[in-house]
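J.: need a 3D model of the sequence below.
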Amino acid sequence: MDNLLSIDSVSKHFGDYKALNNVSVDIPKGSIFGLLGPNGAGKTTLIRIINQISIPDTGMVTFNGENLSQKHIRNIGYLPEERGLYKSMKVGEQALYLAQLKGMSRVDAKRQLKYWFDKFQIAEWWDKKIVELSKGMAQKVQFIVTVLHKPSLLIFDEPFSGFDPINANIIKDEILKLRDEGSTVIFSTHRMESVEELCDHIALIHKSNKVLDGNLNEIKRQYKTNTFEVGLVCNEQRVIKQLISSKFKSVDANFRSLGKELKLNISLGPDQTSNELLNFLSSNAEVNHFMEVVPSANDIFIQTINNQK
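T.: You can find the predicted model right below:
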């Protein structure tokens, strides 16, 4: 897969503080790329470098095969975590102004704004001042302004902040549509459930260093432990537990279910297979739950950070 953005050996210092240390990341075209890390890890510094707000001390950033330069700014849409709308300006007036800063004509900007305002059912906000809007309402306006000029790269920093679940879902669906229409998305967030729903690839930055990156599904395969979540209906639970423990490594599990079955997490050895486990369980009890334990993005995040300590 071709990369829209390549970050090669980038470092950045602020005085004696090293914000980024030799970070390299490739952002595939047409992907939603999760940029993850604890507070202070270096994510915001990297985003500022991509937006050319900061310049790296060393390293190189290329955009679509060219060295990143001022001409690429119009190809980038950035929704920062700290919102930047002018509170005293009217919504429509400000949206038109920001669209023209990105190179759109007033006519094109007005046409596109009408499309998005109608789509989000916010046409009545046009003559309101930003100060009159709630945080979530202002967030919708800034989302529209970010995507209006159809940039090839979109950068969303905590895009769901301020939204209730319904509006967060609307924005999530729009991000997926933008990806399907050809946009590449960098998605910076602390919400791991959003990573699961949206991201194809991720990079994890911790203490100024990249500690993990790649395709999310491939990373999950690397982190899984060949463990299965099992629910069994049986009369003699203690006896069945002992029988299972004689052949497999097992511990009690606490997943949710409607019944009072025996719940176990069973780990397979290197020479054992899932079919072998299922056949063994079926011959000794009624199996009503059998699922491989796949690590979540949150599990991977916590494990990787803890391994760095």
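J.: which residues are contacting stretch 252-264?
T.: Here stretch 252-264 makes contact (Cβ atoms under 8 Å, 6 or more residues apart in numbering) with 229-234, 237, 240-241, 244, 250-251, 265, 285, 288-289. Yep, even glycine has a C-beta here, placed from its N, CA and C like the rest.
J.: three-state assignment of the residue nearest the centre of the chain?
T.: Centroid check for the chain by Cα atoms, centre = their mean gives V195 as the closest residue, at 3.3 Å. Put simply, V195 is helix when judged by DSSP: H, G, I helix; E, B strand; the rest coil.
J.: so how far is P159 from it?
T.: Per Cβ to Cβ, to the nearest Å, V195 is found 12 Å from P159.
J.: now Q308
T.: Distance, Q308 to P159, using Cβ to Cβ: 27 Å.
J.: likewise for A203?
T.: The separation that A203 has from P159, given Cβ to Cβ, amounts to 18 Å.
J.: cool, G92 as well?
T.: Applying Cβ to Cβ to G92 and P159 gives a distance of 22 Å.
J.: give me the more crowded residue out of these two.
T.: Ranked by neighbour count (other Cβ atoms under 10 Å), G92 and P159 place P159 first, with 28 against 18.
J.: tell me where the model's unsure across the chain.
T.: Within the chain, the stretches with pLDDT under 70 are 1, 83, 309.
J.: which parts of it are strands?
T.: Along the chain, the segments classed as strands by DSSP state E run 3-14, 17-28, 32-36, 58-63, 66-67, 76-79, 153-157, 184-188, 201-206, 209-215, 227-233, 249-252, 262-267, 286-292.
J.: need those in a markdown table with distance to N298, can you?
T.: Below are these laid out as a markdown table (distance: least, Cβ to Cβ, whole Å):
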| stretch | distance to N298 |
| --- | --- |
| strand 3-14 | 25 |
| strand 17-28 | 21 |
| strand 32-36 | 10 |
| strand 58-63 | 29 |
| strand 66-67 | 37 |
| strand 76-79 | 23 |
| strand 153-157 | 19 |
| strand 184-188 | 15 |
| strand 201-206 | 12 |
| strand 209-215 | 14 |
| strand 227-233 | 17 |
| strand 249-252 | 20 |
| strand 262-267 | 18 |
| strand 286-292 | 17 |
